[in-house]
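Student: need a structure here:
(one chain, ligands or ions: 1)
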Amino acid sequence: MRRYSRVTGTGSYVPPRRLTNADLVAELAVKGVETSDDWIVERTGIRARYFVADGIYSSDLGLVACKNALQAAGLQATDIDLIIVATSTPDMVFPSTACILQNKLGANGGAAFDVQAVCSGFVYALTVADAMIRTGAANKALVVGAEVFSRLLDFTDRTTCVLFGDGAGAVVLEASDTPGILASDLHADGKYVGILCVPGHVSNGHVLGDPLLKMDGQAVFKLAVGVLEEAARATLAKAGKAEADIDWLIPHQANIRIMQSTAKKLKLPMDKVVVTVDQHGNTSAASIPLALDSAVRAGRIQPGQNLMLEGVGGGFTWGAVFLTM
Ligand code: UT7
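Tutor: Numbering: from 1, shown residues only. Have a look, this model is predicted:
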């Protein structure tokens, strides 16, 4: 009998502090940074985002998301033998956020590690967890995207600071004799390191280089639109499926215009696209599982439906996962 992996529960969490565009515009005005609700909504579709308070880390957001996912799956933390956290904002240089989260959950003993693929991190982590489950290296996994991007933002740079937010999403992925994850397709092209990066690093007790996010938005936009279509088509081909088999497209939530363009290229109406960028902003690796959980909890995504998850971001990285719920 073939062994597959299946999503059996989803969960998510955003911190309590919500900033609408109007709130952010007012905060930035104090610093002499000019922007507007109209510009942000028209260019990105973002209306609000959540920011963590001091002392709250990715593992804290991931913890609540995981508890919600475990409850949905009807499992205890002690049932979990693999935790993969996709994050670019780890709690510390090391150990991994996955190890810190494992301890907070009380799921000690299984494998735990982080995946660093920026905004594509969740599809990368899901693909790794699927492979580990299919080969028998794990049975019950928590796959988590958790980010505190607010800590990387330069609040004097209006071209980036209005775009991002904090949050976490998680899925429980379990071994099953029915699919589950049917196919995935991952890529990276390191020649584009410079178009989206946080170049600073810790060295001899100091942070060297700029530790704040830098992005060439137009370059990222152009690349994203092309690769998201390619990744979706490649994943459908591997799964032996067609565009019409996609019940829900859940793209990385960076910009509504990128999502509209991808949907159009895949001949999908926007009512088949899960959109939460308006409420969360861009939460990097957390955006896909946050969107997935919102649509599951709203009763939109139903068991048996087919989902195409798609990530794209720094690296440059991109990829897609096609699965049946
Ligand atoms: O998560 C990883 C994936 N990341 C992405 O997918 C991001 C991809 N890129 C984008 O989403 C878009 O490129 C942005 C939303 C970042 C920018 O939108 P755009 O339509 O490409 O705008 P632009 O960079 O061409 O800027 C247009 C104008 C400029 O003014 P001028 O030169 O035309 O006078 C900017 O200075 O908008 C100005 N501008 C702003 N104005 C008000 C840039 N940021 C702002 C702002 N408020 N926050």
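
Student: what residues does the stretch 201-325 of the chain put near the ligand?
Tutor: 217-218, 220-221, 224, 254-255, 258, 282, 284, 312-313 (C-beta under 6 Å from any ligand atom). (Glycine included, C-beta is placed from N, CA and C.)

Student: Just among these, which is most surrounded?
Tutor: Ser284 (34 neighbours; other C-beta atoms under 10 Å).

Student: Specify the local secondary structure of the closest residue to the ligand within the stretch 1-150 of the chain.
Tutor: Per C-beta to the nearest ligand atom, Thr35 is where the stretch 1-150 of the chain lies closest to the ligand, at 3.3 Å. Following DSSP: H, G, I helix; E, B strand; the rest coil, the label given to Thr35 is coil.

Student: residues in contact with it?
Tutor: 24-25, 28, 158, 162 (C-beta atoms under 8 Å, 6 or more residues apart in numbering).

Student: Show me what the longest helix along the chain is packed up against.
Tutor: Longest helix of the chain, by residue count under DSSP state H: helix 217-239. Judged by 3 or more C-beta pairs under 8 Å, 6 or more residues apart in numbering; DSSP states H and E, helix 217-239 is in contact with strand 181-188, helix 256-265, strand 306-313, strand 317-324.

Student: relative to strand 306-313, how tilted is the first one?
Tutor: Pointing back at strand 181-188 there. With axes from the mean of the first three to the mean of the last three C-alpha atoms, to 10 degrees defining the directions, strand 181-188 sits at 10 degrees from strand 306-313.

Student: mind listing the strands for the stretch 101-250 of the chain?
Tutor: 111-115, 140-148, 166-176, 181-188, 196-197, 201-203, 206-208, 214-215, 248-251 (DSSP state E, counting those that start in this stretch).

Student: what's the most buried one of those?
Tutor: Most buried of the strands of the stretch 101-250 of the chain by mean neighbour count (mean count of other C-beta atoms under 10 Å) is strand 140-148; its value is a mean of 31.

Student: related to what we said a few turns ago, just the buried ones among the contacts of Thr35, please.
Tutor: 24-25, 28, 158, 162 (16 or more other C-beta atoms under 10 Å).

Student: Out of the residues you listed, name the ones that lie in helices.
Tutor: Using DSSP H, the buried ones among the contacts of Thr35 in helices are 24-25, 28, 158.

Student: which residue packs closest to the residue in the chain positioned nearest to the ligand, ignoring adjacent ones?
Tutor: When scored by C-beta to the nearest ligand atom, the chain has Gly217 as its residue closest to the ligand, at 2.8 Å. Using C-beta to C-beta, 6 or more residues apart in numbering and skipping residues adjacent in sequence, the residue nearest Gly217 is Thr159, 6.0 Å away.

Student: pLDDT wise, what is the one you found at?
Tutor: Listed pLDDT for Thr159 reads 98.

Student: Please apply the same query to Met1.
Tutor: For Met1, pLDDT reads 79.

Student: mind checking how far it is from Ile133?
Tutor: Distance from Met1 to Ile133, counting by C-beta to C-beta, to the nearest Å: 14 Å.

Student: neighbour-wise, which of these two wins?
Tutor: Set Met1 next to Ile133 and count neighbours by other C-beta under 10 Å: Ile133 wins out with 25 against 5.

Student: how about the nearest residue to the more buried one, chain neighbours excluded?
Tutor: Using C-beta to C-beta, 6+ apart, the closest residue to Ile133 is Ser5 (3.9 Å).

Student: quick one: contacts for the one you found?
Tutor: Counted by C-beta under 8 Å, 6+ apart, Ser5 has contacts 129-130, 133-134, 141, 173-176, 180-181.
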